[in-house]
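Colleague: Give me coordinates for this.
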Amino acid sequence: MPRFSVLLLAVLVGLSGSAFAADAPKPNIVLLFADDFGLDGVSCYGSDKHKTPNIDKLAASGTRFETAYSYPLCGPTRALLMSGRHSFRTGGITNGSWRNGGPGAKSADEHPVAKVLKQAGYATGMAGKWRQVGETPRDWGFDEYITDPTAGGWFWQNKHLKNGEEFTAPEGSYAPDVIHDFTIDFLRRHKNERFFYYYSMHHVHGPIQRTPDTKEGQGTLYDDNIAYLDKQVGAVIAELEKLGLREKTLVIFTADNGTALIFPSEIGGRTINGKKGSMQVGGSRVPFIASWPGTTPAGKVSKDILSLADPHATFAELAGAKLPDTLKFDGRSFAPQL
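Modeller: Numbers count the residues shown, from 1 in each chain. Down below sits the predicted model:
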């Protein structure tokens, strides 16, 4: 084959691959968002200690991004994720600044991702940690939601806010199970329509406590919490498969910031510099996996740099939604990388 033809073919293949996800039918979107969970907790990122078979399986079915960055603290990251705009624009500069008379991110001043997708015809739902963002999930565009009244990490309590009403789960309920059950119910009820679901998981924020799977006398509570997080990720994927939705759904797994300082793990015998709250790499470099079987190539590893502002732009593009010109958005769509 002539050299020019070979080059032309390579260019066309590259272009067709980069346009594939953007040109595919609009997907459901499930965003699995772990808490205080850096690269060193995930075995497919090289963790020496922890095993995460379900997260690894998700990565093997899609693209694993090696250089994805959040803020080093959860409140600013969550405002960034919802708005697609950096904290100096939104006022979401720290955890709960809105509670202390600070600016905080205000939904009325933003074009939140859930509202973007809702306007594009998506059903929207969320479950789990929310408090650091401020207002309620409904203000930010979520039709259905369940949260708890704490900042996260208080696992054995049964008080929740469900669709604007106080909800008390049975005594002895494990909060991550309550929000997980809400999640599965949402997926089942909306299986015949397009949906966006934000699963803001409790694990592995401290204080680290036993899980329902912890065995009496076992001294590995942090390991148990990672295992429970991985178990819940696997259960969501299994439910999507059971409902016949897996190839219709883009699943993203990522986290709000790096691992907390008191729970360091090693990758290749070396501890990552910095942890949660630090400006070093360990504070803000997070796992990021995107899987949409039949659309995203399986087992791909990308070194492209991502910010957690980018899902906002990506989801809008995949949903066929146009963002307003009146706001400056910091995210860039990674749909071409899928």
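
Colleague: how about the nearest residue to A34 once chain neighbours are set aside, what does it touch?
Modeller: Closest residue to A34 apart from its sequence neighbours, by C-beta to C-beta, 6 or more residues apart in numbering: A255 at 4.1 Å. Quick note: C-beta positions are derived from backbone N, CA and C, even for glycine. Each residue near A255 by C-beta atoms under 8 Å, 6 or more residues apart in numbering is listed here: 33-38, 70, 286-287.

Colleague: And the lowest mean pLDDT element among the helices and strands of this structure?
Modeller: Lowest by mean pLDDT, DSSP states H and E among the helices and strands of the chain is helix 3-23, with a mean of 47.

Colleague: Just give me how far the helix or strand just after that one sits from the chain centre.
Modeller: Note on helix 3-23: by DSSP states H and E, the next helix or strand toward the C-terminus is strand 28-34. Put simply, strand 28-34 sits 5 Å off its chain's centre (C-alpha atoms, centre = their mean, to the nearest Å).

Colleague: 17 is where my numbering starts, stick with that
Modeller: Understood, numbering begins at 17; the last thing we discussed is strand 44-50.

Colleague: Would you map the strands across the stretch 117-266 of the chain?
Modeller: 139-144, 160-163, 175-178, 181-184, 211-216, 265-271 (DSSP state E, counting those that start in this stretch).

Colleague: Mind checking these for the one nearest to T106?
Modeller: strand 211-216 (17.4 Å; C-beta to C-beta).

Colleague: List the buried residues of stretch 175-187.
Modeller: Neighbour-count burial for stretch 175-187, counted by 16 or more other C-beta atoms under 10 Å, picks out 176-178, 183, 185.

Colleague: Tell me the one of the contacts of A271 nearest R105?
Modeller: The closest of these to R105 turns out to be S86 (C-beta to C-beta; 16.4 Å).

Colleague: shouldn't that closest one be in contact with K292?
Modeller: No - with contact defined as C-beta atoms under 8 Å, S86 does not count as touching K292 (10.0 Å).

Colleague: What's the separation between the closest residue to E263 other than its chain neighbours and E333?
Modeller: Closest residue to E263 apart from its sequence neighbours, by C-beta to C-beta, 6+ apart: G310 at 4.3 Å. Distance of G310 to E333, computed by C-beta to C-beta, to the nearest Å: 18 Å.

Colleague: Looking at the two, which is more packed in?
Modeller: A direct count of neighbours by other C-beta atoms under 10 Å for G310 and E333 places E333 higher, at 18 against 9.

Colleague: From G298, how far off is the more buried one?
Modeller: As judged by C-beta to C-beta, E333 and G298 stand 31 Å apart.

Colleague: just W308 next, same as before
Modeller: Separation of W308 from G298 (C-beta to C-beta): 29 Å.

Colleague: where do the helices sit along the protein?
Modeller: 19-39, 69-76, 90-99, 103-106, 129-135, 191-205, 237-258, 297-300, 326-335 (DSSP state H).

Colleague: pretty sure N174 contacts D193?
Modeller: No - using C-beta under 8 Å, N174 makes no contact with D193, being 10.6 Å away.

Colleague: What lies in contact with stretch 342-354?
Modeller: 34-38, 78-79, 81, 96, 100-102, 105, 126-127, 266, 306, 308, 311-312, 318, 320, 322-323, 325-330, 332-334, 339.

Colleague: for stretch 319-332, that is, sorry about that
Modeller: Counting by C-beta under 8 Å, 6+ apart, 45, 47, 81-87, 93, 96-102, 129, 132-133, 136, 212, 268, 270, 302, 304, 338-339, 345-351, 353 sit against stretch 319-332.

Colleague: Can you say which of these are buried?
Modeller: 45, 47, 81-82, 84-87, 93, 96-102, 129, 132-133, 136, 212, 268, 270, 302, 304, 339, 345-351, 353.

Colleague: which regions of the stretch 67-216 of the chain sit below the pLDDT cut-off?
Modeller: 112-120, 166-169 (pLDDT under 70).

Colleague: go again using 80 as the cut-off
Modeller: 109-121, 147-148, 150, 165-170 (pLDDT under 80).
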